[in-house]
Every structure is written in structure tokens, then in C-alpha cells.
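Engineer: Here is my input; please provide its structure:
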Amino acid sequence: MDMSTCCHSPVDLIYTELQNCALQPSHDSFSNTSNFICHDSQSGLINESQQLVKYFLNDASDTNLVSLSDPSQIITDRIDSECNGLPKDSFIASLLEICQNDTDTLEQLRLYYFKVAKCREDFPIQCPVLKRRVNPRGKTGEPLVNKLGRDCYALRLASRGEFCDDLKETFSSRSVSTNLSNIDVDVTTSAPNFDTILREKLIQLESTVLEIKASNSKTVSNLTNRIDGLYTENKKLHTELNKQKERHINIQSQLNIIRSKNSMLNDAVANFEKTQKTNIDNLTELSQYQKNNESTMRGTIESMNNLKSVVGQNENKINNIKTKLDKTTTLSNETKSRLDSEIIRITKISDSRASGLCNLKSKVSIMSNELKEINTSILSFNNNTLSNNQSVTELRKRMNALEKNVKQLTCSNQMSYALATSKPVPTDLTTNTEIHVDMSNENNETDSSLLRDSIVKPVYVNHPKKNVEKGFLHKKSFASVIASSNITPDSVENVLNKDQPLENTNNSQHKIPVHFPSSVCSTFKGVVHKKKVSRFYVGGIDKRNGSEKLMRKYLEDRNVKVTFIRYFDRPNKRTASAQLNVISDDEPYICDPYFWPSGIFTKPWLSWQQFVSEHSISSYRRNGM
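Structural biologist: As a prediction, this is how the structure comes out:
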């Protein structure tokens, strides 16, 4: 027996033994048939590889396979490109994904790798027989697909010369042996017993034929199922074709209707184009007219902006003037009210048509002339008052201190101002006080020039009761202080008589009826502010940007004297409100709608009786509401 016949398994001899009806047990006939079997096994391997190529390439015709030189190489290249270098589990998973879990395809691949592996010279197993793989009997058994994938993995490694332990599990227990125990040798003649060999091979052939029948039955059942599916799909396609034909006929009829309508639409479109052309011509004319109107409107808007800028500048100037002039004449107050009214009128006129511009210009020219006159008077007054502001405040403080000292002196010694100036009183001074008054003789015509040029330092008179005995002062009296200073009776009288002159009857050189004790504080109104307070309700304050501190700062920046603020934060509403008390002189600022930011409004604060009468709260309470 040749080695060429030993390297092939009985599975390779299936088709040749079935074709040869008479098997000869002689040694020569077996050797002759072995060569034919090897050639036939190679042709069978090529046929199976062509079937695999058909499966993977999804081509039903055999004409494309003629051009392929080696179909088995294409299959192995594809598997090697996708599964090469992968471990066992991942290789099996990817192989099942490629084969789409088809048992027939995996069985063909297993046979292909088995035939390639057993042709190797270093194959360790003699006469190998593949195990018969069937579906598991129970639910917990291993699926058939996983078994076939594991066998393909072991046989693929064996075809490359890598023999692992899993290779033994792919073969049956009868074939896993390295000796030739299945060959019966006659001891006397030392020749193999071909009857036993043929008997064993026939048994193996029967097992393989049964496996082939099972696989063929599976393939036939799959093919019948596919044919049934194709038949049903063909019926569906046939019905759909009939429906499509009917739809095609309906579409053709609809197309004819649409064509007739399209011709009508074309006529309508032509008429519409004519009307569109006329409309375009009209639109061009309107656009030109619009451009002319826009140019005129731009000119008017520019003039309006210029007027707004002028008005804004005037408003800023007027606000600055209002902050500086607290005690101006009635003429300045009247002009301020007129300016406020004219500003409101200007804002209203700015929203009107261009016809009101002429009246606005005339009014603005009149107001500008008046403003020029007022500005000249205000500038002259500011020049006189700005320098006197600090000196007047200091003078008021010092005059108050002087009045207190005079009251103390007059209470201790009931003597007039003339007697005090004529009779000096001896004093024992440990610490002398000073009154330094510098009077300038430049502008003595008006009271404002006297206040501006006179600088009176504070008077420090220490006059306790313990130093006064029997009408004598133990320290320097007011008369001696005046005698030591540069103050004259006439200058003091002029200062005290600035706002309210005293009634001087029978003025003489020696007697001046000036009474300091109780009359000075009530009659000297030059340093007393008005204490009248105006109360307002301020509403519409935005909670996001408003608070009591910000409101105080806003009013202080605009020189509004605030006496009281109470902030009402309403949690269920978007806006807040406040109670505001200011000096009555600042009431015009609060009432001016342009003084506040947009959205804020003011109303006079009502007393409780007025509030009840207006809102009829008592009637609600009586009704139980």
C-alpha cells in the first residue's frame, strides 16, 4: 500500500467507491484505484470551493466562476482578512456573523478545511474521521452553530500547520490514533487483509452517506422554503403590477386633464404677466415717490434731532441753574415754570407734522432771547452768590453763637446795646476770646455785597453764672469784645436787617433800639429755612434696578433735599413703590415727568381721610368685604 493512499481518509473515497460497482480486494487493484481516488478527491475539493464561492459572492450562475483561477483562495482570503489574528471566541463569533449562522455553510467550510489539513505531510492523525454534529437534545445544550465554528477554527489552524488540543475533539474516537491498528496483517504471509479494510471503509462510507443525506435533506427543505417564499413574492409582485397598471391608466387620464388645465393656466399666466408688468411700472413710480419722501423725511428728522439736542442742552442748563438758585427772585421762578411748559410743548411738537416747525422756531427764538437775558442776570447773580455761599453758612453759625452769648450777657446785666458800647466793663481774663471781623468798603451798596465781603470768625465767650456778680462781668463783656474788634454798630445793624429790618424810630447817635434776647431768633429770617414738606407717592419702580439706597442717591445727585423715604416692596408684583417727603422748594422737580426715568410716576400723598373717601374703604368694611 502506497503512502499516497494513506494520507487520504475514507471520506475522499466516497464518490469513487460509489461509482465503482465492483471492488477488487487485490493489492494491485487497490494501488491502482488509490491514484484515481487522490485525483478525484482534488476535483471534489475544487467543486466544494466553487460552491462556497457561489455562496459568498451571491452569484447563481456558473459562468462567472470560469474566470476565477482558484476559488478556494478567494474564500480563505476573505476569512483571513476579517478573522486573521483573532482569538478563538472572537474568531468563532465573526465567522458566524459572516456565514449568517447557516449550518450548511459552516459544514461545507469544515469539510474544506479538513481536506486541506489532512493533505499535509505532518498531519498527526492517521485515518481521521470527522464527528457527526447534530442539534442539542435539550435546551441547555451547546448550539450546533457553535460546534461547527469551533471545528472550523481547529481545522483552519491545522491546515496552516498549527495543531492544537481542540483538533482531537473534531474527530471521532476511532480515528484519533497514531498507529495503524485498524489494518489487519496476516502473520504468515505478512500481507494486509483487504477484506477487513474494505469492510471498515464501507462502514465509514455509510456513516458519511447518512451525514450527506441529512445535510441534503436540510438543503432541500431550505430550498423548498425559499421557493415557496419566492412564489408568494412573485404573486405579490404580480398583483402589484396589475395595480400599477391600473394606476398608470388613471395617471394618464389625470395627465390629460392636467394638460388641459395647464393650457388654461398658461393663458391665465400670460394675462397675469401683463397685469404684473403694469403693477411693476406702478411700483417703480411709487418707489421713486417713496425715495423723495424718504429724503424729505430724513431732512426733517435731522432738524428734529438738532432741535432735540438743543432742547436737551437747554434742559441740562436749566437743571444746573435750578440746583444753584434756591433763593432767586420771582422772575426766575416764573421763567423756570415757563421753560418747563415750553419743554413739554417742544416734545409734543416734535411728534407732530412739519407744519408745526415754524411755530416751534418762533417760540424757541423768543425763549432763547429770554434765556439770554436770564443767563446774564443769573451769571451776575451766581458771581455774587457763589463766593458768598461758604461765608454765609459760616456767618449763620457764628451769628447763632453770637446771639447765644448776647442773650447770656443781656440776662445778667439788663443794658442796651448803646450802653454796652459806651461803658466798658473790667474783666479778669485767663483766656481771652477773639472776634475778628474784617469789613471791606468796596461794595456797601447792597446787602449781598456786605455778606460777601464780611468774614466773621466764631465767637468764644465763656460766661458761666459763677463769674457774674451784681451786674459786673469778671470776663470780657460783649461791649469790650466789640470795642476790641473792628465791628461798628452800623455794620451789625445792616447785617441783622438783611431780610427783616427792625423798626427804628427816632434814630439817634447814642441810642439804637436793638433787642437781642427773644426777638432775634424770631425775626432774623435770613438763616432760617422753610420747613414745609411736600409728600408724594412714587410708583412704577422696577425691582431689578431699584432700591431705597439707589433712590436716595438719585435724588442727592440732583440736589433734591429729602426728608423721608419709605420703600414698599410688593412681592407679588413686578414693580415697587415708595413714600417720598421733600422740601416744598423741590416740589417742581418731583412733579416734572421728565425728572424721573421712564415708567415711574408720582402722585400727591393723600391723608387717610382722603384715601378712605376716594376708595370708599368704609363701605367695603360695612359690607364685610
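Engineer: where exactly do the strands run in the stretch 501-625 of the chain?
Structural biologist: Under the criterion DSSP state E, counting those that start in this stretch, strands of the stretch 501-625 of the chain are mapped to 533-542, 562-568, 575-583, 601-604.
Engineer: My error: substitute the stretch 51-200 of the chain in the last question.
Structural biologist: Under DSSP E, counting those that start in this stretch, the stretch 51-200 of the chain gives strands at 185-186, 191-192.
Engineer: Mean pLDDT lowest where, among those?
Structural biologist: For the strands of the stretch 51-200 of the chain, mean pLDDT drops lowest on strand 185-186, to a mean of 38.
Engineer: picking that back up, how about the strands of the stretch 501-625 of the chain, which one is nearest residue 131?
Structural biologist: Closest to residue 131 of the strands of the stretch 501-625 of the chain is strand 533-542 (Cβ to Cβ; 89.2 Å). Placement of C-beta: from N, CA and C, glycine included.
Engineer: for the record, mean pLDDT for the closest one?
Structural biologist: The pLDDT scores in strand 533-542 average 90.
Engineer: got the contact list for it?
Structural biologist: Residues from elsewhere that reach strand 533-542 (Cβ atoms under 8 Å, 6 or more residues apart in numbering): 551, 563-564, 574-584, 586-587, 590, 596, 599-606.
Engineer: now it and strand 562-568, what's the angle there?
Structural biologist: 40 degrees (axes from the mean of the first three to the mean of the last three Cα atoms, to 10 degrees).
Engineer: Sheet partners, orientation included, of strand 533-542?
Structural biologist: Strand 533-542 sits in its sheet next to strand 575-583 (antiparallel), strand 601-604 (antiparallel), going by DSSP bridges.
Engineer: So for residue 311, which of the ones you listed sits nearest?
Structural biologist: Closest approach to residue 311 among the strands paired with strand 533-542 (Cβ to Cβ): strand 601-604, 22.0 Å.
Engineer: Just the CA coordinates for that closest one, please, in PDB.
Structural biologist: This file holds the C-alpha atoms of strand 601-604, laid out as PDB (Å, rounded to 0.1, in the frame of the first residue of the first chain):
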ATOM      1  CA  PHE A 601     -45.000 108.200  38.000                       C
ATOM      2  CA  THR A 602     -45.800 110.400  41.000                       C
ATOM      3  CA  LYS A 603     -49.000 111.400  42.800                       C
ATOM      4  CA  PRO A 604     -49.600 113.500  45.800                       C
END
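Engineer: what's around residue 553, how many residues?
Structural biologist: 11 (other Cβ atoms under 10 Å).
Engineer: What residues of stretch 593-609 count as buried?
Structural biologist: By neighbour count on 16 or more other Cβ atoms under 10 Å, the buried set for stretch 593-609 is 595, 596, 600, 602.
Engineer: before we move on, back to that, need the strands paired with strand 533-542 in CSV (columns: mean pLDDT and distance to residue 111).
Structural biologist: Formatted as CSV, those follow (pLDDT from 0 to 100; distance: least, Cβ to Cβ, whole Å):
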stretch, mean pLDDT, distance to residue 111
strand 575-583, 92, 91
strand 601-604, 91, 99
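Engineer: So which of those is nearest residue 116?
Structural biologist: Closest to residue 116 of these, according to Cβ to Cβ: strand 575-583, at 91.6 Å.
Engineer: what does the model give the residue lying closest to residue 219 once chain neighbours are set aside for pLDDT?
Structural biologist: Sequence neighbours aside, residue 104 is the residue nearest to residue 219 in space, at 5.6 Å (criterion: Cβ to Cβ, 6 or more residues apart in numbering). At residue 104, the pLDDT value in this model is 84.
Engineer: want to try TSV for the strands paired with strand 533-542, with distance to residue 133 as columns?
Structural biologist: Below are the strands paired with strand 533-542 laid out as TSV (distance: least, Cβ to Cβ, whole Å):
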stretch	distance to residue 133
strand 575-583	86
strand 601-604	95
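Engineer: I'd like to know which of those strands is closest to residue 239.
Structural biologist: The minimum distance between residue 239 and the strands paired with strand 533-542 falls on strand 575-583, with 73.6 Å, by Cβ to Cβ.
Engineer: picking up where we left off before, next, format the strands of the stretch 501-625 of the chain as a markdown table and append distance to residue 254.
Structural biologist: Output for the strands of the stretch 501-625 of the chain, formatted as a markdown table (distance: least, Cβ to Cβ, whole Å):
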| stretch | distance to residue 254 |
| --- | --- |
| strand 533-542 | 65 |
| strand 562-568 | 74 |
| strand 575-583 | 65 |
| strand 601-604 | 69 |
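Engineer: how about these, which one is nearest residue 226?
Structural biologist: Set against residue 226 and scored by Cβ to Cβ, the strands of the stretch 501-625 of the chain come closest in strand 533-542, at 78.6 Å.
Engineer: Poorly predicted segments of the stretch 251-400 of the chain, please.
Structural biologist: By pLDDT under 70, the weakly predicted segments of the stretch 251-400 of the chain are 332, 349-359, 387-388, 390.
Engineer: To clarify, my last question referred to the stretch 401-550 of the chain.
Structural biologist: 410-531.
Engineer: try 80 this time
Structural biologist: Of all residues in the stretch 401-550 of the chain, those with pLDDT under 80 make up the ranges 404, 407-531.
Engineer: Likewise for the stretch 1-150 of the chain?
Structural biologist: Scanning the stretch 1-150 of the chain with the threshold set as pLDDT under 80 gives 1-78, 80, 85, 126.
Engineer: ok so, going back, mind listing what the residue nearest to residue 219 touches?
Structural biologist: 215, 218, 219, 222.
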